[in-house]
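S.K.: just to be clear, the model below is a prediction. Sequence and coordinates:
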Amino acid sequence: FEYQPLETSRTIRLLKLIPRGPAEFRLVMSHHSLDNCPPFEAMSYTWSDPTYRSMSLDSPSVSEIDCNGGRCEIPANLMQALPAIARVQKAEYLWADAVCIHQKDEDEKSVQVLLMGDIYSQASRVIIWLG
């Protein structure tokens, strides 16, 4: 999976969860202006293990999921949350920081982290996953 650069400093990525089975999904990621984006829900959750930030599949805290036709690494805790999210999700789009922010791009992360207050306040609902 390859992240595409964000067009502006107010652009965010949103996800659509596409079911593949009872507990299996693929993601479709798209870019949207935060100033004019469709309704979305934001997810708040624990990353569980700081080793996720190393993005190593050798870590039990990392899983892979199909995203835009490629394999994307996400925290295992987020992967476990997806079936529950799919059951309660009301908006078509979802924002989850570990996937919607390119974690290996420090410049992007610094800009996106500054937007998180706006992202959460603009979400139609915030879903909290504690595991």
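M.R.: Perfect, I can see it now.
S.K.: where does the chain dip in pLDDT?
M.R.: 46-60 (pLDDT under 70).
S.K.: where do the helices of it begin and end?
M.R.: All helices of the chain, identified by DSSP state H, fall at 76-88, 97-100, 106-122.
S.K.: and the ones you listed: which comes nearest residue 38?
M.R.: Across the helices of the chain, residue 38 has its closest neighbour in helix 106-122 (10.9 Å, CB to CB). For glycine as for every other residue, the C-beta is placed from the backbone atoms N, C-alpha and C.
S.K.: who does the closest one touch, helix- and strand-wise?
M.R.: Applying 3 or more CB pairs under 8 Å, 6 or more residues apart in numbering; DSSP states H and E, one finds that helix 106-122 contacts strand 11-21, strand 40-45, helix 97-100.
S.K.: and residue 126, which of these is closest to it?
M.R.: strand 40-45 (5.0 Å).
S.K.: would you put the C-alpha positions of the closest one in PDB?
M.R.: What follows is strand 40-45, C-alpha atoms only, in PDB (Å, rounded to 0.1, in the frame of the first residue of the first chain):
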ATOM      1  CA  PHE A  40     -17.900  10.800   9.100                       C
ATOM      2  CA  GLU A  41     -17.300   9.100  12.400                       C
ATOM      3  CA  ALA A  42     -14.000   9.300  14.200                       C
ATOM      4  CA  MET A  43     -12.600   6.500  16.200                       C
ATOM      5  CA  SER A  44     -10.700   6.900  19.500                       C
ATOM      6  CA  TYR A  45      -8.900   3.800  20.800                       C
END
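S.K.: walk me through which strands it pairs with, and which way each runs.
M.R.: Strand 40-45 pairs in its sheet with strand 93-95 (parallel), strand 125-129 (parallel), by DSSP bridges.
S.K.: could you dump the helices of the chain into CSV with distance to residue 65 added?
M.R.: CSV is the format used below for the helices of the chain (distance: least, CB to CB, whole Å):
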stretch, distance to residue 65
helix 76-88, 6
helix 97-100, 8
helix 106-122, 20
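S.K.: same list (those) but as CSV, adding distance to residue 40 and mean neighbour count.
M.R.: Shown next, in CSV, are these (distance: least, CB to CB, whole Å; neighbours: other CB atoms under 10 Å):
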stretch, distance to residue 40, mean neighbour count
helix 76-88, 12, 16
helix 97-100, 10, 21
helix 106-122, 8, 13
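S.K.: great, nothing more from me.
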